[in-house]
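In: A predicted structure for the sequence below; I have some questions about it.
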Amino acid sequence: MTVEMSPIERAKYASARRAAEFVESGMKVGLGTGSTAAWMVKRLGERVREEGLKIQGVPTSSGTAALAREAGIEVTTLDEARWLDLTIDGADEFDSNLNLIKGGGGAHLQEKVVATASDQMIVIADAAKAVETLGAFPLPVEILAFGGQTTKALIEETLVGMDVLGRDSVLRMQGDAPFVTDEGNHILDLNLRRIGNARQLSLVLNQIPGVVENGLFLDICDTVVIGYGDGKTEIRDIHTGTITEETAEGGDAENLFSDI
Ligand SMILES: O=C[C@H](O)[C@H](O)[C@H](O)COP(=O)(O)O
């Protein structure tokens, strides 16, 4: 069955499908969260069913755990797995050093714990997420619900001395109530517009009492698989500095999308 997909959705699908090829039998794999990661989880489920791929998946959210189980992937906890071979996850922005903003879906806390406990992190993203400087996407910061307004004020005050363009923040809502993460916390989205020194910002934010974790992923991602609407992918590796451009499977984009 072929379903009508937007070019962005096709790009996400292409990158997720290509990245799923990096997974080999016997691996312990961190399973990211979000719409791009969902395609990757589904594809790994297909490989489990069709090729007998044997993996243990460590989900980065309750949503991904449910999706992985539904796809037939064996799911375990990070503590059971201890250390992972590979994590594949989406991102909201990535720069040329493969530093990231994550947390658009509110899952960056578990995502960061899981990615940091992995030999390798592969990010899957459509090309529109490539930026020169991080910060156009509001930076998600997970905070304790307790004293949330005080933490918000402290963060905004702290931002005065930082190399950023904006400093207002918004408590993420879900309907009429604050959005609650899998860990029972809230999310503040920081409208920074441009982050001049991401390393300094990350350290400073995480030192504020009430802050649990920010959505900056610095020196964590090894490889990005960028997808395009025509089914092409481009693989950038931060260690080798290589950029590999690939056409869709069999050189035919419609083949790639035909079995969705
Ligand atoms: O909290 C959510 C995650 O960090 C996602 O991986 C990120 O927001 C990208 O999501 P999507 O693939 O839906 O654009």
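Out: Okay, I see it. Residues are numbered from 1 along each chain as shown.

In: List the contacts of the strand or helix carrying A65.
Out: Counting by DSSP states H and E, the element that carries A65 is helix 62-71. For helix 62-71, the external contacting residues (C-beta atoms under 8 Å, 6 or more residues apart in numbering) are 31-33, 37-38, 41-42, 44-46, 48, 57, 59, 75, 105, 107, 182. Backbone N, C-alpha and C define where each C-beta goes, glycine included.

In: Now, of the residues you listed, which are buried?
Out: By neighbour count, with 16 or more other C-beta atoms under 10 Å, the contacts of helix 62-71 hold 31-33, 37-38, 41-42, 44-45, 48, 57, 59, 75, 105, 107, 182 as buried.

In: Out of those, list just those in helices.
Out: 37-38, 41-42, 44-45, 48 (DSSP state H).

In: Let me know the closest of those to G241.
Out: For these, the residue nearest G241 by C-beta to C-beta is A37; the value is 25.7 Å.

In: Once you drop chain neighbours, what's closest to the closest one?
Out: Nearest non-adjacent residue to A37, counting by C-beta to C-beta, 6 or more residues apart in numbering: G90, 4.8 Å away.

In: quick one: the one you found and V123 touch, right?
Out: Yes. G90 lies in contact with V123 (C-beta atoms under 8 Å); the separation is 7.0 Å.

In: The closest residue to E183 other than its chain neighbours and V212, how far apart?
Out: Counting by C-beta to C-beta, 6+ apart, E183 lies nearest to L109, which is 5.9 Å off, once chain neighbours are set aside. Distance, L109 to V212, by C-beta to C-beta, to the nearest Å: 6 Å.

In: Pick out whichever of those two has more residues nearby.
Out: L109 (23 against 17; other C-beta atoms under 10 Å).

In: near the ligand at all, whichever strand or helix holds that one?
Out: Per DSSP H and E: L109 is located in helix 108-116. Yes. Using C-beta under 6 Å from any ligand atom, helix 108-116 reaches the ligand at 108, 111.

In: Tabulate the CA atom coordinates of stretch 117-131 in CSV.
Out: Output of stretch 117-131 as CSV, limited to C-alpha atoms (Å, rounded to 0.1, in the frame of the first residue of the first chain):
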residue,chain,number,x,y,z
ALA,A,117,25.7,4.9,27.3
SER,A,118,26.2,3.8,23.7
ASP,A,119,29.4,3.1,21.6
GLN,A,120,27.8,5.1,18.8
MET,A,121,25.0,7.5,18.2
ILE,A,122,23.5,7.9,14.8
VAL,A,123,21.1,10.8,14.2
ILE,A,124,18.4,10.5,11.6
ALA,A,125,16.9,13.8,10.2
ASP,A,126,15.5,15.5,7.2
ALA,A,127,17.8,18.1,5.6
ALA,A,128,15.8,21.1,7.0
LYS,A,129,17.2,20.4,10.4
ALA,A,130,20.8,21.3,9.4
VAL,A,131,21.8,24.7,10.9
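
In: picking up where we left off before, pop out the phi and psi values for the residue nearest to A37.
Out: phi -80, psi -180 (degrees, to the nearest 10).

In: number of nearby residues for L203?
Out: That count, for L203 with other C-beta under 10 Å as the rule, works out to 13.

In: how much space between it and T223?
Out: Counting by C-beta to C-beta - L203 and T223 are separated by 25 Å.

In: just F94 next, same as before
Out: Applying C-beta to C-beta to F94 and T223 gives a distance of 11 Å.

In: what's the spacing between P59 and A130?
Out: Distance from P59 to A130, by C-beta to C-beta: 27 Å.

In: Spit out the contact partners of the residue nearest to E246 when sequence neighbours are not counted.
Out: In this structure, E246 finds its nearest non-sequential neighbour in T233, 5.0 Å apart by C-beta to C-beta, 6+ apart. Residues near T233 by C-beta under 8 Å, 6+ apart: 14-15, 18, 225-227, 245-246, 248.
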